[in-house]
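Student: sequence and predicted model, in that order:
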Amino acid sequence: MIVRITVLAALLTTSCAAASTTPVAMGDGQIDGAKIKPYEFTWRQCALNEGAWVSASPLTERAVVIGDHMLRVRQRLISPNGQEIVSTTYFDRPSLSPLRLEQEVRATEDQSAINVEHVLGPDGYSATMTRDGATKQAAGAITSEMFHGGILGLPLAMLDWERGSYDFEASMMSMKATYAVTATLAGREMISHDGKEVEVLLVDVEWTHNELGDVYPPGPDASGGRYWLVQDPAAGMPYVPRYKTDTYTVEFIGDICPEADAKAE
């Protein structure tokens with residue numbers, strides 16, 4: 001498979017960029033997760049180290065539709081210490097509200113297995129962690145009303161980008177953090193994929209850490225990052241071909257990330 005970025009098709013006009021931002025609330029109908037088709041893809045991952053992009057473990061993601069009202073998204077990668085990590089999220093399919101998060105860190109010769117389960121509701125979450133036969137309980141303020149920051153490309157791909165910009169709440173359960181997010185359409189590109197031209201939306205994201213007050217600015221060369229999105233992908237193309245920040249990239253298209261070495265795979 002050869003993927004090639006060919007031409008920048010359009011940038012926002014000044015009047016569009018200056019348009020007001022539209023708020024998005026969970027379940028308000030602006031996001032229709034029922035449009036998401038089952039898929040399985042593997043993305044390259046890499047990090048910037050002393051001016052060079054260094055490969056990390058590939059990320060495999062599989063989405064499965066369960067009935068009319070449930071979407072399961074499972075991600076698999078290998079950690080730097082060699083452990084296999086499988087993260088599974090169950091979403092309310094129409095709204096993409098995260099309802100249940102499961103993470104399994106599989107055992108190796110030197111590391112024990114860890115299983116963590118989070119159950120989310122509108123007022124917070126409860127968590128159960130099991131390791132070496134011992135179980136711990138916890139609770140927190142992250143809710144099912146916040147979009148899952150680790151799989152944010154899916155709800156972004158479902159929005160009507162003729163409006164230009166959106167505000168919403170998101171969370172990162174692994175960091176116990178919540179964010180006020182502003183996502184803005186920065187432009188459009190045409191890419192060539194398997195001999196066909198595909199339009200990709202360029203969406204820049206600013207994250208404000210609610211607990212710390214830190215701001216992560218938008219754009220591919222800033223810490224907030226940019227999403228490359230395809231709203232109605234053909235077979236063989238994911239909804240999110242790339243996400244890039246100034247220090248991290250995960251991509252299905254392009255050549256920023258080098259091939260992963262045998263250890264990472």
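Tutor: Structure's in. What do you need? Numbering: from 1, shown residues only.
Student: residue boundaries of the strands in the stretch 151-265 of the chain?
Tutor: 165-172, 177-193, 196-209, 215-216, 226-229, 242-244, 248-251 (DSSP state E, counting those that start in this stretch).
Student: S95 is nearest to which of these?
Tutor: Nearest of those to S95, taken as CB to CB: strand 165-172 at 11.8 Å. The way it works is simple: take the backbone N, C-alpha and C, and place the C-beta from them, glycine included.
Student: in that closest one, what counts as buried?
Tutor: Residues of strand 165-172 classed as buried: S165, Y166, F168, E169, A170, S171, M172 (neighbour count, 16 or more other CB atoms under 10 Å).
Student: dump the strands of the stretch 151-265 of the chain to JSON lines, plus distance to S97 and mean pLDDT.
Tutor: Formatted as JSON lines, these follow (distance: least, CB to CB, whole Å; pLDDT from 0 to 100):
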{"stretch": "strand 165-172", "distance to S97": "11", "mean pLDDT": "98"}
{"stretch": "strand 177-193", "distance to S97": "15", "mean pLDDT": "95"}
{"stretch": "strand 196-209", "distance to S97": "19", "mean pLDDT": "95"}
{"stretch": "strand 215-216", "distance to S97": "23", "mean pLDDT": "98"}
{"stretch": "strand 226-229", "distance to S97": "20", "mean pLDDT": "98"}
{"stretch": "strand 242-244", "distance to S97": "21", "mean pLDDT": "98"}
{"stretch": "strand 248-251", "distance to S97": "23", "mean pLDDT": "98"}
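Student: compare the ones you listed and give me the one nearest A127.
Tutor: Of all the strands of the stretch 151-265 of the chain, strand 165-172 sits nearest to A127, with 13.2 Å by CB to CB.
Student: if we can go back for a sec, report the two of the buried residues of strand 165-172 separated the most.
Tutor: Greatest spatial distance among those (CB to CB): S165 and M172, at 21.6 Å.
Student: quick check, central residue of this structure?
Tutor: Among the residues of the chain, the one closest to the centroid is I151, at 2.8 Å (CA atoms, centre = their mean).
Student: so that one touches V73, yeah?
Tutor: Yes. Assessed by CB atoms under 8 Å, I151 is found in contact with V73 at 5.8 Å.
Student: now for those two: what residues contact both?
Tutor: T89 (CB atoms under 8 Å, 6 or more residues apart in numbering).
Student: leaving out the residues flanking it, which one is nearest to I31?
Tutor: Excluding its sequence neighbours, the residue lying closest to I31 (CB to CB, 6 or more residues apart in numbering) is M158, at 4.5 Å.
Student: ok, the one you found - how many residues close by?
Tutor: 18 (other CB atoms under 10 Å).
Student: same deal with E145?
Tutor: Neighbour count for E145, taken as other CB under 10 Å: 18.
Student: one more: D232?
Tutor: With other CB under 10 Å as criterion, D232 counts 11.
Student: list phi and psi for it.
Tutor: phi -140, psi 70 (degrees, to the nearest 10).
Student: tell me the spacing between P23 and S171.
Tutor: The gap separating P23 from S171 is 17 Å, by CB to CB, to the nearest Å.
Student: revised request: answer the last question for W228.
Tutor: W228 is 23 Å from S171, by CB to CB.
Student: repeat that for W207.
Tutor: W207 is 11 Å from S171, where distance means CB to CB.
Student: and for those two, which residues touch both?
Tutor: With CB under 8 Å, 6+ apart as the test, W207 and S171 both reach G149, Y179.
Student: just checking, H69 touches Y90?
Tutor: No. Counting by CB under 8 Å, H69 does not reach Y90; the two are 10.5 Å apart.
Student: more crowded one of these two?
Tutor: Remark: of H69 and Y90, Y90 carries more neighbours, 19 against 13, as counted by other CB under 10 Å.
Student: contacting residues around Y179?
Tutor: Y179 neighbours (CB under 8 Å, 6+ apart): G149, E169, A170, S171, M172, W207, T208, H209, N210.
Student: if I look at it, how far off is G213?
Tutor: Distance of Y179 to G213, computed by CB to CB: 11 Å.
Student: cool, S171 as well?
Tutor: From S171 across to G213, the span is 16 Å (CB to CB).
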